[in-house]
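>>> Show me the folded form of this:
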Amino acid sequence: MSLEKVISVDLIEVVENGSIQVRTKTAIKEDGVEISSKFHRHVVAPGDDFSKEDARVQAICKATHTKDVVAAYKAAQAALASAPESVA
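Reported below is the predicted structural model:
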């Protein structure tokens with residue numbers, strides 16, 4: 001019986017504001033057959049350092065995180081931060 005832990009980026013999504021959603025799968029395999037798995041998600045926002053991301057995520061960030069996208073994202077975040085809170 002041999003156990004193996006396999007970690008892979010299995011889903012990469014680009015959302016409208018330029019953020020990249022990344023899902024990482026951790027699978028445990030016994031003799032090559034997956035017996036367990038779990039997922040972790042994180043977001044790479046425009047302007048974030050993506051140098052330690054998976055190579056595919058880096059390529060997508062380089063293509064989508066243009067100066068215009070980063071500027072628009074930062075402007076939207078600043079507008080949200082300065083907007084008055086609504087009371088429900």
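>>> shaky segments in this structure?
86-88 (pLDDT under 70).
>>> The same query, at a cut-off of 80, please.
Low-confidence segments of the chain (pLDDT under 80): 83, 85-88.
>>> Mind listing residues that contact the top helix by length along the chain?
Ordering each helix of the chain by length in residues (DSSP state H) puts helix 67-82 first. Residues outside helix 67-82 that contact it (CB atoms under 8 Å, 6 or more residues apart in numbering) are 17-19, 45-47. Where C-beta positions appear, they are placed from N, C-alpha and C, glycine not excepted.
>>> could these go into JSON lines alongside distance to Asp68 and secondary structure?
As requested, the contacts of helix 67-82 are exported to JSON lines (distance: CB to CB, whole Å; DSSP: H, G, I helix; E, B strand; the rest coil):
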{"residue": "Asn17", "distance to Asp68": "12", "secondary structure": "coil"}
{"residue": "Gly18", "distance to Asp68": "9", "secondary structure": "coil"}
{"residue": "Ser19", "distance to Asp68": "15", "secondary structure": "coil"}
{"residue": "Ala45", "distance to Asp68": "15", "secondary structure": "coil"}
{"residue": "Pro46", "distance to Asp68": "10", "secondary structure": "coil"}
{"residue": "Gly47", "distance to Asp68": "12", "secondary structure": "coil"}
